[in-house]
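Colleague: model this:
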Amino acid sequence: MKAKDETRSEEGLARLTRRQFLRATGVATVAATGLPAVLAADQSITVALVGCAHIHTASYVGLLTQREDVTVKFVWDHDAARANKYARQLEAKAVADLDQIWSDPAVTAVVICSETNRHRDLVLAAARAGKHLFVEKPLGITAQESREMADAIERANRLFTTGYFMRSDPKHIFLRAEIARGAFGMVTRARGSNCHNGSLGGWFDKEFRWMADPSIAGFGGFGDLGTHKLDILMWLLGDVEAVSADLRAVTHRYGECDETGEGLLQFQSGIIATLGAGWVDVADPVQLMVSGTTAHAVVINGQLFYQNAHVPGADGKEPFKHLPPAPREPIQQFLDAVAGKQGEPLVTPREAAARVAVMEALYRASSRRAWVKPA
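Modeller: Modelled structure (predicted):
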């Protein structure tokens, strides 16, 4: 979903550069969040892969092998066969003892792709060992343990991010900047949707069966996909005051694990939003909508339609193309930051924990058939 750098139209729409976006929207940088400044840019780094269970592990391994500035020294997983598999691909050493990773000063960063219920122990140990952390989403199963991890990472003053790749979409970056500069007037309502047909296709029948077990994954289909669009809604609109939801199993292929749902969110700003997510959809054409008193935006089949009388070319009838360049994927941003690049738009530990708190509240709201405030 990367877009090439484009100039604005001749009518005077100035190009939104990445630096302007960071300044306008307050994206967290290394300096702004108090994270450590790494001394030398573009230095070689040594990392370890800690846990290999997540469905995105293979793609991360592919990216790691492509980077000439990254050496993966160790691979650990509680499943030795899984650790050996990825260690061979990375030309790394599979280890059974995590202390080999924590005690090795050459290993400056870890990529954690374990089952979610193992995140807490792994993250706390990595923070104690002074390692920078990329942790696959969600950060934790509960709000309490997620805040505990965020506290530990902040105390250790380590770099952190998680796999919220939708922040790298130029459409989302553009909309965030437009909202921040007041182009929407008063934002009144929004909608996010993130769905696929994973249950219908049996994606979680074998190797990734744990992802359809909420006791291990933390959530089911709604939380698995919904956390991405929840992150975007909160990134655009701020903190959530209260939520309600209806989540449910549909095929029962994975027992009572939820496979779809709709959430209703009240933001502290007064904006209301809905969130749809799940594994039983054959299509998901309308992925985002933001409505305000002076502008309207909708993303349909990956294209942004923007209506704003004060923005040239934003008639809402044709796809809006005047978008900023796309940053790299979250794991690339993380590795770049560890290697010394400044100003990478990393997700903060506190942001990651806040998303877990809201998602936990959505699940509680569904079970109670009530409005719930995030813990």
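
Colleague: Can you give me the distance of the residue lying closest to Ala150 once chain neighbours are set aside to Arg147?
Modeller: Of all residues not flanking Ala150 in the chain, Pro349 sits nearest, at 3.6 Å (Cβ to Cβ, 6 or more residues apart in numbering). Every residue, glycine included, has its C-beta placed from N, CA and C. To Arg147, Pro349 is 9 Å away according to Cβ to Cβ, to the nearest Å.

Colleague: now do Gly62
Modeller: Gly62 is 33 Å from Arg147, where distance means Cβ to Cβ.

Colleague: Compare neighbour counts for those two and give me the winner.
Modeller: Arg147 (19 against 10; other Cβ atoms under 10 Å).

Colleague: quick one: contacts for that one?
Modeller: Shown in contact with Arg147 (Cβ atoms under 8 Å, 6 or more residues apart in numbering): Ala353, Ala357.

Colleague: make it 7 Å
Modeller: If a contact means Cβ atoms under 7 Å, 6 or more residues apart in numbering, then Arg147 has Ala353 as its contacts.

Colleague: what do you get for the one 3 residues further on?
Modeller: Contacts here follow Cβ under 7 Å, 6+ apart; on that basis Ala150 touches Pro349, Arg350, Ala352, Ala353.

Colleague: Check Phe160 too.
Modeller: Going by Cβ under 7 Å, 6+ apart, Phe160 touches Leu133, Ile153, Leu346, Pro349.

Colleague: And the pLDDT for the last one?
Modeller: Just to be clear, that refers to Pro349. Looking at Pro349, its pLDDT reads 98.

Colleague: Burial check on it, number of neighbours?
Modeller: Pro349: 27 surrounding residues under other Cβ under 10 Å.

Colleague: Equivalent analysis for the first one, please.
Modeller: Counted with other Cβ under 10 Å, the burial measure for Leu133 works out to 26 neighbours.

Colleague: Over to the second one?
Modeller: Using other Cβ under 10 Å as the criterion, Ile153 is surrounded by 27 other residues.

Colleague: That one is in contact with Glu351, isn't it?
Modeller: No. Counting by Cβ atoms under 7 Å, Ile153 sits too far from Glu351 to count as a contact (11.6 Å).

Colleague: quick one, helices of the stretch 1-150 of the chain?
Modeller: Under the criterion DSSP state H, counting those that start in this stretch, the stretch 1-150 of the chain contains helices at 18-25, 57-66, 80-90, 99-102, 119-128, 143-156.

Colleague: With respect to His310, which of those lies nearest?
Modeller: Comparing the helices of the stretch 1-150 of the chain against His310 with Cβ to Cβ, the closest turns out to be helix 18-25 (16.2 Å).

Colleague: Give the rounded mean pLDDT of the closest one.
Modeller: For helix 18-25, the mean pLDDT works out to 34.

Colleague: How about stretch 211-231?
Modeller: Regarding stretch 211-231, the rounded mean pLDDT is 98.

Colleague: residues of that stretch that come out buried?
Modeller: By neighbour count on 16 or more other Cβ atoms under 10 Å, the buried set for stretch 211-231 is 211-214, 217-231.

Colleague: For Gly316, give its distance to Leu247.
Modeller: If you measure Gly316 against Leu247 using Cβ to Cβ, the figure is 33 Å.

Colleague: Can you pick out the residue with more neighbours from these two?
Modeller: The neighbour count for Gly316 versus Leu247, taken as other Cβ under 10 Å, is higher for Leu247 (23 against 14).

Colleague: which of the contacts of Ala150 has the most neighbours?
Modeller: Of the contacts of Ala150, with other Cβ under 10 Å as the count, Pro349 tops at 27 neighbours.

Colleague: Please name the nearest non-neighbouring residue to Gly130.
Modeller: Closest to Gly130 by Cβ to Cβ, 6+ apart is Ala156, at 6.1 Å.

Colleague: What is the burial count for that neighbour?
Modeller: 19.

Colleague: Please apply the same query to Pro105.
Modeller: Residue crowding around Pro105 was assessed by other Cβ under 10 Å; the count is 8.

Colleague: Backbone dihedrals for it, please?
Modeller: Note on Pro105: its backbone torsions stand at phi -70, psi -20 [degrees, to the nearest 10].

Colleague: mind checking pLDDT for it?
Modeller: 98.

Colleague: For Val47, see how far away it is.
Modeller: Spatial separation of Pro105 from Val47 under the definition Cβ to Cβ is 13 Å.

Colleague: Isn't Val243 up against Ala361?
Modeller: Yes. Between Val243 and Ala361 there is a contact under Cβ under 7 Å: 5.0 Å.

Colleague: more neighbours, those two?
Modeller: Taking other Cβ under 10 Å, Val243 and Ala361 do not tie; Val243 has more neighbours (26 against 23).

Colleague: List the contacts of Asp284.
Modeller: Neighbours of Asp284 in contact, by Cβ under 7 Å, 6+ apart: Ser193, Asn194, Cys195.

Colleague: now do 8 Å
Modeller: Contacts of Asp284 (Cβ under 8 Å, 6+ apart): Ser193, Asn194, Cys195, His196.

Colleague: where does it land in three-state SS?
Modeller: Three-state assignment for Asp284 (DSSP: H, G, I helix; E, B strand; the rest coil): coil.

Colleague: re earlier: find the residues that touch each one of Val243 and Ala361.
Modeller: With contacts defined as Cβ under 8 Å, 6+ apart, the residues adjacent to both Val243 and Ala361 are Val372, Lys373, Pro374.

Colleague: from the residues you listed, which would you call buried?
Modeller: If you count burial by 16+ other Cβ under 10 Å, the buried members of the shared contacts of Val243 and Ala361 come out as Val372, Pro374.

Colleague: Adding distance to Ala180, write the shared contacts of Val243 and Ala361 out as JSON lines.
Modeller: Converted to JSON lines, these look like this (distance: Cβ to Cβ, whole Å):
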{"residue": "Val372", "distance to Ala180": "29"}
{"residue": "Lys373", "distance to Ala180": "26"}
{"residue": "Pro374", "distance to Ala180": "23"}
